[in-house]
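**Student:** with the sequence up front, the predicted model follows.
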Amino acid sequence: MFDLNPLYMSKFRAKWKHLNCLSLSATNPQPFTLDELNQLLGENILNFDPQMSLDYGNASGLPALRHALKTHLFPSLEEENIITSAGAQEGIFVAMHALLKKGDEVISFSPIFEPLIKCAQDLGCKVQLLPLSEERGWTIDFNRFEELVSENTKMVIINFPHNPTGAHLRIEELEEIISICRRKDVWLFSDEVFRGLEHEPKNRLPAVASMYEKGISIGVVSKSHGTPAFRVGWIASPSPRFLKNALLVKGYLSICNDLFSEHALVPVINHSNLIFETHRKGLVENLKKLDLLAEKYPHFSFVSPEGGCTVFASCGQDSDIFADALAKDAGLLVIPGKAFCSTSNAFRLGYSFNNFGERLVGFDNALSKVRT
């Protein structure tokens, strides 16, 4: 039997499921309604051709969707360098199983989105986590990183803009990561689900798959595009060998996505920059509300994020104790630091929803009761 360990985040959410808590930890922007999205794009994304075949889709993905992804997200790649997946989670699972085996060494950074390393651990890999430096704004210690990467390292995993801290890389830092990986002939797996949600558009980085011959980029429409109703993601790489193996693994899973979703998402991807800018404006405004709360309560603090929809905040109290009390007393859900394999006494707080100000009322009240 394949032994899967439950995710800490899943266990924490299940613990408070009976209270139907409002989320204060969401990582996606406010999802569009269908009408909102159609008005923004100026077309009906569900306007299907009545003569459209209801056959199985292409295992690699709808050609028109892959063309849109290539045009707007991966301009230096070819369409055959991109395959679609059933969400980002399948992309992670497929990529890990296409490349890793028991005993392989994998390096990543903490805090981290737990499935990124759990999948490798469940395969029997040796995973080493290098903590990001909170004192220096959740940055990488490059001297320590270079020491860790060896001839035995099979893969390095990165996730920027970062979940849960909202930290981001400079282009020089990404180039240094790639340089280190190239010298040691290491695969670089880049979770780019928040690419497009940089708070300053000028800080958007090229996709790792566009920069490195052993680079892998994954993305999904549920995050930066704000359409989680569509369970569609993608895997991009310049390596034909990797993509061939990825399709073999995918053949045991979804095989192919549903054609309705992939057809509907072509105009969505074609208008990526418009969608990103729409979300960015809302995120920046909500972050101002969070900054005011940090001014009000000196014990509530976080490193100002540069992208994404979340901060990794602390309030002078054990994050598990605070998260439990917040769920029980205020009906609000934040995710404690242990869910991100972190020893930092922090919790993930999301600021993406349109009614964020209303949700902050209960959070404000909870902060007022914290004794430090």
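**Tutor:** Happy to help now that I have it.

**Student:** run a quick neighbour tally on the closest residue to C256 other than its chain neighbours.
**Tutor:** Setting aside the residues directly before and after it, C256 is nearest to G57 in space (C-beta to C-beta, 6 or more residues apart in numbering), at 4.1 Å. C-beta here means a position set from N, CA and C on the backbone, and glycine is covered the same way. G57 is surrounded by 20 other residues when neighbours are defined as other C-beta atoms under 10 Å.

**Student:** and if you look at L349?
**Tutor:** Considering only other C-beta under 10 Å, L349 is surrounded by 25 other residues.

**Student:** that one belongs to a strand?
**Tutor:** Yes - when the secondary structure is assigned by DSSP: H, G, I helix; E, B strand; the rest coil, L349 falls within a strand.

**Student:** residues contacting it?
**Tutor:** When contacts are counted by C-beta atoms under 8 Å, 6 or more residues apart in numbering, L349 is found next to L24, S25, L290, F302, T310, V311, F312, A313, V334.

**Student:** those residues in helices, which ones?
**Tutor:** When DSSP state H is applied, the contacts of L349 are split such that L290 fall in helices.

**Student:** and which of the contacts of L349 is nearest S352?
**Tutor:** T310 (8.0 Å; C-beta to C-beta).

**Student:** tell me what the closest one is bridged to.
**Tutor:** With beta bridges defined as DSSP bridges, T310 has these partners: G350.

**Student:** that one and N20: what is the separation?
**Tutor:** In this structure, T310 and N20 are separated by 21 Å, where distance is defined by C-beta to C-beta, to the nearest Å.

**Student:** between those two, who's got more neighbours?
**Tutor:** More neighbours sit around T310 than around the other of T310 and N20, counting by other C-beta under 10 Å; the figures are 27 against 8.

**Student:** give me every residue that touches the more buried one.
**Tutor:** Contact partners of T310, counting by C-beta under 8 Å, 6+ apart, are S25, T27, N163, P164, T165, G166, R348, L349, G350, Y351, S352.

**Student:** and of the contacts of L349, the nearest to I83?
**Tutor:** If you rank the contacts of L349 by distance to I83 using C-beta to C-beta, T310 comes first, at 28.0 Å.

**Student:** re earlier: what pLDDT does the residue nearest to C256 get?
**Tutor:** Predicted confidence (pLDDT) at G57: the value is 95.

**Student:** next one: the one 10 residues further on
**Tutor:** Looking at H67, its pLDDT reads 98.

**Student:** the residue nearest to C256: what secondary structure?
**Tutor:** Under the three-state scheme (three-state DSSP), the conformation of G57 reads as coil.

**Student:** so where do the helices sit in the stretch 251-372 of the chain?
**Tutor:** Secondary structure of the stretch 251-372 of the chain, counting by DSSP state H, counting those that start in this stretch: helices at 259-270, 272-296, 319-325, 356-368.

**Student:** pLDDT below threshold where in the chain?
**Tutor:** Along the chain, the model assigns pLDDT under 70 to residues 1-3, 371-372.
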